[in-house]
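Peer 1: Provide a 3D model corresponding to the input given below.
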Amino acid sequence: MSSAVFALFFLVACSPNDNNTGESIGTPTAYQPNGIIGSTLPDIVAALDSGEITSVELVQQYLGRIDAIDRQGPSLQAILSLNPDAQELAQALDDMRAEGNSLGALHGVPILLKDNIESLDNMPTTAGALALKDNVTGRDSPLVAGLRAQGAIILGKTNLSQWANFRSETSMSGWSALGGQVRNPHMLDRNPCGSSSGSGAATAASLAAASVGTETNGSIICPSHANGIVGFKPTVGVVPQDYIIPISESQDTAGPMTKSVMGAAMMMNAMATETPEVDYTAGLTPMALEGVRVGIIHPPEGSYLPIQENFAGALDDLRAAGAVLVEIESLPETPAEYGDKAYDLLKYEFKNGLNSYLASTDATDVSTRTLEALIAFNEGSDREMVLFDQSIFVASQAMGPVSEEAYKEAVELVQRTSREEGIDKLLSEYDVDVLVSTSGVIVPRIDPVNGDVWPGGWPGLGSLAARAGYPHATVPMGGFRKLPIGLSFVGGSHDDARVLAYAFAYEQQSQRRMEPEYLTGAEQVADVDSGLKPFKD
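Peer 2: Okay, the predicted model is just below:
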């Protein structure tokens, strides 16, 4: 697999004490959120419960903010569609609360969904594609039904890397034909990363109380890391994938993207309908890391120094939280064909899953009902092909059925390498409870000429956890020149609650989340600006 393709599939699917962040020149304070809408999900829930704010007021404030900074101002382009019934739903929930009734912990809370997740609201589910612009199905995916049962309001749908970044080997993260390019609210010319880019940008920019993303290979973790928020990719299967536009049945999962680990756990309690007996908030205490053996995977020597420096600070925070740090001396070797087989697996499953989805959608106005028809549709559309091709679509169409022996061999190799010979082996051999490393590189600029061009360095544990189908959380650990960096926690199969507990204890110790400053570029950071000018003695 080429390095460009590897970088693509790594994506499919912070605080005042940051190191070397520098001062800003002309920070646009007008874009900062006012009042409760800038808070974390638990604080917003508390404000609703206390009567400090109503759900109607909350929805109105978020809609006003979306208009001010997503449609206008810095024009984040993180939102694809809004629920026309959101305020009516909010009023009904306020009335219920006034009568002393509550549906659950998320009663009256506005939530955003990535626009590959179906909801029964009057909004299409498009994957950002013109072919699905009228895909109004009137169905709730099980995770949305779970959120709704807890009282959540689906405020709208977020923009994304089209088809969850599985259309072209030269794609741009965060671009869709329907929504254009998502902007990173920390620095508007920087890559928002991964296919859940709109969910990451919207959460960081306080456009809703929380959002839902999906991941096949890095697309919850990377945009959370890039936008300076908490992201959680559950064990595959814990959150049902029904009525979500698919890539890979063996790797796809939805997960919460929030400003706090507690918020992510609260979302999991609603979304994880396959594990209703688990309370994901129960183990979240600042003491959760005391005595826990944490396997530390350092970025390779020579990796980008700001990443190394922030990671060193994160290790100090882990020690202060009581963790026992265990150095992972080497990673298991992978077979030479591992990368190619992992790519083949996705292409097989994408063709099979997408054909099944397109054939089954209830939307009568959708005419493209196969991958082959979708390829033909795109070939006839200037808008779809304006920035990059559909090489992954074409390669996937060439694959045979999932009954082929080659597919079965790919699944066996990828899962064995990433599970028994990968994460499970590291946890066992080093006798550790969780693996910790950096979540990725500092994001590059958006590049419509070359597509995604990622700087060298350690890409993190995202691909390994994604291919294994194991839980992975990222928590802000600082930043460099106003761009955030995340710390990753990876556990074994169904260690979801423990991974969240460890992430929470680290978060409480570190408190390193950065608020976005909506800078237009790095030139607005003082030390960068001064360094770009001629030297004057």
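Peer 1: Contact partners for K157?
Peer 2: With contact taken as CB atoms under 8 Å, 6 or more residues apart in numbering, K157 is in contact with I79, L80, S81, L112, L113, K114, D115, I117, M123, P124, T125, T126. Using the backbone N, CA and C atoms, a C-beta is placed for each residue, glycine as well.
Peer 1: quick one: contacts for the first one?
Peer 2: With contact taken as CB under 8 Å, 6+ apart, I79 is in contact with I66, D70, R71, L112, G156, K157, T158, N159, G179, G198, A202, L207.
Peer 1: next one: the fourth one
Peer 2: For L112, the residues meeting the contact criterion (CB under 8 Å, 6+ apart) are 79, 154-158, 199, 202-203, 207-208, 210-212.
Peer 1: Which ones among the contacts of I79 lie within helices?
Peer 2: G198, A202 (DSSP state H).
Peer 1: Redo the contacts of I79 as TSV? Include pLDDT and distance to F350.
Peer 2: Output for the contacts of I79, formatted as TSV (pLDDT from 0 to 100; distance: CB to CB, whole Å):
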residue	pLDDT	distance to F350
I66	98	32
D70	98	30
R71	97	32
L112	99	25
G156	98	26
K157	98	21
T158	98	21
N159	98	21
G179	98	21
G198	98	21
A202	98	26
L207	98	30
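Peer 1: ok so, going back, nearest to A90 among the contacts of L112?
Peer 2: L155 (9.3 Å; CB to CB).
Peer 1: Hmm, that closest one is touching A86, no?
Peer 2: Yes. When contacts are counted by CB atoms under 8 Å, L155 is listed as touching A86 (5.4 Å).
Peer 1: who has more neighbours, the two?
Peer 2: Neighbours were counted for L155 and for A86 using other CB atoms under 10 Å; L155 has more, 29 against 21.
Peer 1: Kindly state the beta-bridge partners for the nearest residue to the more buried one once chain neighbours are set aside.
Peer 2: Leaving aside its chain neighbours, L155 sits nearest to P110 (4.0 Å; criterion: CB to CB, 6 or more residues apart in numbering). As for beta bridges, P110 partners with I153 under DSSP bridges.
Peer 1: All further residue positions should be reported with the first residue as 33.
Peer 2: Happy to do that; since the first residue is 33 now, the last one works out to P142.
Peer 1: what about P142, distance to V262?
Peer 2: Distance, P142 to V262, using CB to CB, to the nearest Å: 18 Å.
Peer 1: what about those two, which has more around it?
Peer 2: Between P142 and V262, counted using other CB under 10 Å, the more crowded position is V262 (29 against 26).
Peer 1: Check the spacing between the more buried one and T402 real quick.
Peer 2: In this view, V262 and T402 are 38 Å apart by CB to CB.
Peer 1: and what of T317?
Peer 2: Counting by CB to CB, the gap from T317 to T402 is 51 Å.
Peer 1: Then R451?
Peer 2: When distance is defined by CB to CB, R451 is 33 Å away from T402.
Peer 1: can you check K291 too?
Peer 2: 40 Å.
Peer 1: which of these two has more neighbours?
Peer 2: Legend: neighbour count by other CB under 10 Å for K291 and T402, higher for K291 (25 against 14).
Peer 1: Wait, that one touches L73, no?
Peer 2: Yes. K291 is within contact range of L73, at 6.8 Å (criterion: CB under 8 Å).
Peer 1: quick one: common contacting residues for these two?
Peer 2: Taking CB under 8 Å, 6+ apart as the contact rule, K291 and L73 both touch A242.
Peer 1: Can you report how many residues lie near the spatially closest residue to F512 that is not a sequence neighbour?
Peer 2: Leaving aside its sequence neighbours, F512 sits nearest to P338 (CB to CB, 6+ apart; 3.7 Å). For P338, the tally of surrounding residues (other CB under 10 Å) stands at 20.
Peer 1: Check the one 5 residues further on too.
Peer 2: When counting by other CB under 10 Å, one arrives at 23 neighbours for F343.
Peer 1: just A78 next, same as before
Peer 2: A78: 13 neighbours (other CB under 10 Å).
Peer 1: Same question for G67.
Peer 2: Quick note: G67 (other CB under 10 Å) scores 13 neighbours.
Peer 1: residues in contact with the closest residue in space to T285 that isn't next to it in sequence?
Peer 2: With CB to CB, 6+ apart as the measure, V268 is the residue that lies nearest to T285, at 4.9 Å, once sequence neighbours are left out. Counting by CB under 8 Å, 6+ apart, V268 makes contact with S282, Q283, D284, T285, G501.
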